[in-house]
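1. Structure for the following, please:
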Amino acid sequence: MMYWYGNGMSGWGMTLMTIGNVALWALVIAAVVLLVRALQRRSEPEDRQRPTPEELLAERFARGEIDEPTYRRDYETLQQSRHSTVDR
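-> Modelled structure (predicted):
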């Protein structure tokens, strides 16, 4: 006849089982988070274009960062530099 002592698991066994259980759930949660991030990244449009210098200048003027004479001067400078690079 065999005699068993309790459930056969010592304090170390319970500790290791608890650590293993927490590690398993941490891996499951991390995998779900990474999967959600990857799916969100794929759903973003690929063809996002950068604003042109003229658009950036117009935004600065609209926010009030620059005044009208500065806007007009910088806009003309952009137009001249664009035409000079095309002529080359």
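
2. where does the protein dip in pLDDT?
-> 1-8, 44-48, 86-88 (pLDDT under 70).

3. Show me what secondary structure element comes after the helix ranked longest in it.
-> Counting by DSSP state H, the longest helix found in the chain is helix 11-43. Next in sequence after helix 11-43, counting helices and strands by DSSP states H and E, comes helix 53-63.

4. residues of that following helix that come out buried?
-> 57, 61 (16 or more other C-beta atoms under 10 Å). (Each C-beta comes from the backbone N, C-alpha and C, glycine too.)

5. So which elements touch it?
-> In terms of contacts (3 or more C-beta pairs under 8 Å, 6 or more residues apart in numbering; DSSP states H and E), helix 53-63 is packed against helix 68-87.

6. Report the buried residues of the helix it packs on.
-> 71, 74.

7. on contacts alone, who are the packing partners of it?
-> Partner elements for helix 68-87 (3+ C-beta pairs under 8 Å, 6+ apart): helix 53-63.

8. can you dump the C-alpha coordinates of the helix it packs on into CSV?
-> The C-alpha trace of helix 53-63 is given here as CSV (Å, rounded to 0.1, in the frame of the first residue of the first chain):
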residue,chain,number,x,y,z
PRO,A,53,6.5,73.7,-48.7
GLU,A,54,3.7,76.0,-49.9
GLU,A,55,1.2,74.0,-47.8
LEU,A,56,3.5,74.2,-44.7
LEU,A,57,3.8,78.0,-45.2
ALA,A,58,0.1,78.4,-45.6
GLU,A,59,-0.5,76.4,-42.3
ARG,A,60,2.0,78.6,-40.5
PHE,A,61,0.2,81.7,-41.8
ALA,A,62,-3.2,80.3,-40.8
ARG,A,63,-1.9,79.5,-37.3
